[in-house]
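> Dropping a prediction and its sequence here:
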Amino acid sequence: MPRKSSLASVADELAAPGGAAAVDRAVSLLAAFQPGDQALSVTELAGRTRLYKSTVLRLLASLAHGRLLQRTADGRWALGPEVSRLAALYAASFSLQDTLMPEMRALVQRTQESVAFHVRQGDQRLVLLRVDSPQLLRDHVRAGDLLPLDRGAGGRVLKAFSGAKGRLYTQIRRDGYLSIAGDRIPGLVGISAPVWNAARELVGALTLTAPEQRLQPSFVGALRQSAARLTGALGGEAPQSRR
């Protein structure tokens, strides 16, 4: 049995009060990566964190499962795709939330329904921001969730204004929005419209979701007005003129 080192690990030195030791150790592994590091060996990671190699290997298995780290072809370890996703979410949230959130909260206040802002991420859509309906019956989606791009109002709006072909997408571009029921979840209605920036680029899709029994005719107009106001706040051109 290996002798316990008299030198405290980085995780021990920086332990979170009341936290979990295993999480502190995993965080210390991620923090071991410095500018210029493309990949690190187990020996390098153990040296930088002052953890036993056996402990490092167990932590690496969990971090790889969560896609926070990934093993390279030469057996070393590099940051994984989940780090990139979280970094994109963090950066985009801080750059847009001051503009988007007040309008999203106002729309929830007017409709009493949930509102989200979706951005495209590859073949999926990311829930960048979300304001929940105050009502108990609602779809339970959170900021940071990844949803299908080919189901749901927000995903279809993102596809339509990214040039997707087909009758539905042509109709969305012509109308400037989409209202659809049961496309992702039975009984759930989604209403979505695009938001543009000053460079005439599609920023994302503003989406309202509600149970079918609570749908009101006024929701479409309220959603589209909010999307137009956000486009204006970002210096963009209103969707109505882009048909």
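Alright, I've got the coordinates.

> Could you identify the longest helix within this structure?
Criterion DSSP state H: the longest helix present in the chain is helix 81-111.

> and it, what other elements does it pack with?
Secondary-structure packing of helix 81-111 (3 or more CB pairs under 8 Å, 6 or more residues apart in numbering; DSSP states H and E): strand 114-121, strand 124-131, strand 202-211, helix 218-233. Heads up, the C-betas are built off the backbone N, CA and C, glycines and all.

> In TSV, list these along with mean pLDDT and distance to residue 73.
Listed next are the helices and strands packed on helix 81-111 as TSV, based on pLDDT from 0 to 100; distance: least, CB to CB, whole Å:
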stretch	mean pLDDT	distance to residue 73
strand 114-121	95	26
strand 124-131	94	26
strand 202-211	96	36
helix 218-233	96	44
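
> how about these in JSON lines, adding distance to residue 51 and mean neighbour count?
Compiled in JSON lines, the helices and strands packed on helix 81-111 are given as follows (distance: least, CB to CB, whole Å; neighbours: other CB atoms under 10 Å):
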{"stretch": "strand 114-121", "distance to residue 51": "33", "mean neighbour count": "24"}
{"stretch": "strand 124-131", "distance to residue 51": "33", "mean neighbour count": "21"}
{"stretch": "strand 202-211", "distance to residue 51": "41", "mean neighbour count": "25"}
{"stretch": "helix 218-233", "distance to residue 51": "47", "mean neighbour count": "19"}
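
> Nearest to residue 22 among these would be which one?
Proximity to residue 22 (CB to CB) singles out strand 124-131 among the helices and strands packed on helix 81-111, at 28.2 Å.

> Sheet-wise, list the partners of the helix or strand just after the closest one with their directions.
Sequence-wise, the next helix or strand downstream of strand 124-131 (DSSP states H and E) is strand 146-148. Strand 146-148 sits in its sheet next to strand 124-131 (antiparallel), going by DSSP bridges.

> and stretch 13-20, how far from the chain's centre?
28 Å (CA atoms, centre = their mean, to the nearest Å).

> now do stretch 30-37
For stretch 30-37, the distance to the chain centre is 24 Å (CA atoms, centre = their mean).

> and the gap between the residue most central in space within the chain and residue 121?
The residue lying closest to the centre of the chain (CA atoms, centre = their mean) is residue 144, at 3.2 Å. Separation of residue 144 from residue 121 (CB to CB, to the nearest Å) stands at 11 Å.
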